[in-house]
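Q: Fold the stuff below for me.
(one chain, ligands or ions: 2)
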Amino acid sequence: MILGIETSCDETAAAVIKNGKEILSNVVASQIESHKRFGGVVPELASRHHVEQITIVIEEALREAGVPLTELDGIAVTEGPGLVGALLVGVNAAKALAFAHNIPLIPVHHIAGHIYANRLIAELKFPLLALVVSGGHTELVYMEKHGSFQVIGETLDDAAGEAYDKVARTLKLPYPGGPHIDRLAQEGNPVIDLPRAWLEEGSYDFSFSGLKSAVINTLHNAEQRGETIAREDLAASFQASVVEVLTQKTLRAAKEFQVHQVLLAGGVAANHGLRTALQEAFCILPEVELVIPPLKLCTDNAAMIAAAGTVLFEQGKRGKMDLNAYPGLDIESF
Ligand code: KG4
Ligand code: ZN
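A: Ligands and ions are numbered 1, 2, ... in the order given. A predicted model of the protein is given here:
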């Protein structure tokens, strides 16, 4: 029985997981409404909200699960990466509970959490490949076994979610823009020619800043000429470019590394275009199982932290009372 705590960005979350797979509760208090008027997450505001919410959210998760603190085998908490002031709230709450009730503490990497969200819906089969696409990360991670993470490709500039949010801001859509672009894209057609950054041959790295600039330039050039561009078509064209690169690189890596499974992870995994494109692309590789979590497990939550925490707990990983928050924590060495 593991309690998970997640406060790395703008969601205060707590969850209780049984046997690594069964979600007994999964409480998420979103701060989006507070950050919206600033067009992005304000770190100081995020920390303050976490302080206000953390006790309530943890109590709610335990109450919903019907599990008293005395029945917990461990407390898993996100130690990084993320906003330092935000992470510290979760880390300190976890340490206080662990210390007061003598419960083992398990530090978890946020991206490992996103990947392990998949274990809540499927048995993991190694070796596997995870496509991690969130607001802060775009990575292809190869896993030979539980708890082993090798980054074979990553973004050289913007993360996929970041590109979505910036393009959305240019289109005057509210924060976070990903879901709005996704919705618009479904109403339009990808008729506008936009670049695809394949990078050098064989590379599994990504780059989205050139695409983002191309979208912004297309919009501004049209405005200067007094022309109007259908926002739906621009969104559809942008999404087509992001999705094609993500899908093709994932497919190529799955073949090269001969994996048994491909997992989709992170907030952008909620994207309808990406989900559909991956499902279609992987039809040609029936020996590879594609796992796509439900939307609720794609964006930040604590069930995923507890799921990763369970595996680490079984491997004997423990945090000490000097556990800190690590904003730039590396997944390969954590
Ligand atoms: O994983 P996440 O909840 O937080 C981070 O760890 O970053 O990801 C948030 C990101 C935001 O950039 C948001 O715009 C994006 O995920 N996102 C989407 C969709 N839903 C959320 N991007 C594209 N399409 C979506 N449907
Ligand atoms: Zn995340």
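Q: Ligand 2 contacts on the stretch 151-300 of the chain?
A: Residues of the stretch 151-300 of the chain lying close to ligand 2 (Cβ under 5 Å from the ion) are Asp300. To be clear about C-beta, it is placed using only N, CA and C from the backbone, and glycine gets the same treatment.
Q: Around Met156, count how many other residues there are.
A: Wrong residue type there; residue 156 is Leu, not Met. 14 (other Cβ atoms under 10 Å).
Q: Would you state the strands of this protein in chain order?
A: Remark: strands assigned in the chain by DSSP state E are 2-6, 11-18, 22-30, 74-80, 105-109, 128-133, 138-143, 150-154, 261-265, 289-291.
Q: Could you look over these and pick the most buried one?
A: Using mean count of other Cβ atoms under 10 Å, the stretch among these with the largest mean neighbour count is strand 2-6, at a mean of 30.
Q: which secondary structure elements does that strand contact?
A: Judged by 3 or more Cβ pairs under 8 Å, 6 or more residues apart in numbering; DSSP states H and E, strand 2-6 is in contact with strand 11-18, helix 43-65, strand 74-80, helix 84-101, helix 110-116, helix 303-314.
Q: Can you tell me which of the ones you listed is nearest to ligand 2?
A: helix 110-116 (5.6 Å; Cβ to the ion).
Q: How about residues contacting that closest one?
A: With Cβ atoms under 8 Å, 6 or more residues apart in numbering as the test, helix 110-116 has contacts from 4, 6, 8, 78, 80-82, 130, 132, 134, 137, 139, 141, 143, 147, 149, 263, 265-266, 298, 304-305, 307-308, 311-312, 329, 331, 334.
Q: Number of residues surrounding the closest residue to ligand 2 within the stretch 151-300 of the chain?
A: Of all residues in the stretch 151-300 of the chain, the one sitting closest to ligand 2 is Asp300 (4.4 Å; Cβ to the ion). As a burial measure, Asp300 scores 26 neighbours (other Cβ under 10 Å).
Q: Can you name the residues that contact it?
A: Shown in contact with Asp300 (Cβ under 8 Å, 6+ apart): 6, 8-11, 13, 28, 267.
Q: try Ser8
A: Ser8 makes contact with 78, 80-83, 86-87, 90, 110, 300, according to Cβ under 8 Å, 6+ apart.
Q: Out of the residues you listed, which two sit at the greatest distance?
A: Gly80 and Asp300 (13.8 Å; Cβ to Cβ).
Q: where along the stretch 101-250 of the chain do the helices fall?
A: Secondary structure of the stretch 101-250 of the chain by DSSP state H, counting those that start in this stretch: the helices cover 110-116, 160-170, 178-187, 209-224, 231-256.
Q: Let's have those in TSV, adding mean neighbour count.
A: Output for the helices of the stretch 101-250 of the chain, formatted as TSV (neighbours: other Cβ atoms under 10 Å):
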stretch	mean neighbour count
helix 110-116	28
helix 160-170	24
helix 178-187	20
helix 209-224	15
helix 231-256	21
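Q: of all these, which lies closest to Asn324?
A: Short answer: helix 110-116, nearest of the helices of the stretch 101-250 of the chain by Cβ to Cβ, at 14.8 Å.
Q: same question for the closest one, mean pLDDT?
A: Averaged across helix 110-116, the pLDDT comes to 97.
Q: same thing with stretch 125-132?
A: 98.
Q: can I get the CA coordinates of it in PDB?
A: Taking C-alpha atoms only, stretch 125-132 is exported to PDB below (Å, rounded to 0.1, in the frame of the first residue of the first chain):
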ATOM      1  CA  LYS A 125       7.100  -6.200 -21.100                       C
ATOM      2  CA  PHE A 126      10.900  -5.600 -21.400                       C
ATOM      3  CA  PRO A 127      12.800  -4.300 -23.300                       C
ATOM      4  CA  LEU A 128      10.400  -1.400 -23.900                       C
ATOM      5  CA  LEU A 129      10.400   2.000 -25.300                       C
ATOM      6  CA  ALA A 130       8.600   5.000 -23.800                       C
ATOM      7  CA  LEU A 131       7.700   8.100 -25.700                       C
ATOM      8  CA  VAL A 132       7.600  10.800 -23.000                       C
END
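Q: and it, anywhere near ligand 2?
A: No: judged by Cβ under 5 Å from the ion, stretch 125-132 stays clear of ligand 2, getting no closer than 8.8 Å.
Q: Relative to the whole chain's centre, how far out is that stretch?
A: 15 Å (Cα atoms, centre = their mean, to the nearest Å).
Q: How about stretch 103-122?
A: Distance, centroid of stretch 103-122 to centroid of chain: 12 Å (Cα atoms, centre = their mean).
Q: how long is that stretch from one end to the other?
A: Taking Cα to Cα, to the nearest Å, the first and last residues of stretch 103-122 lie 28 Å apart.
Q: same deal with stretch 73-85?
A: Rule used - Cα to Cα; the end-to-end distance of stretch 73-85 is 27 Å.
Q: Per-residue confidence, Ser34, what does it come out as?
A: At Ser34, pLDDT is 89.
Q: Does it touch Ser47 like I think?
A: No: counting by Cβ atoms under 8 Å, Ser34 does not reach Ser47; the two are 11.9 Å apart.
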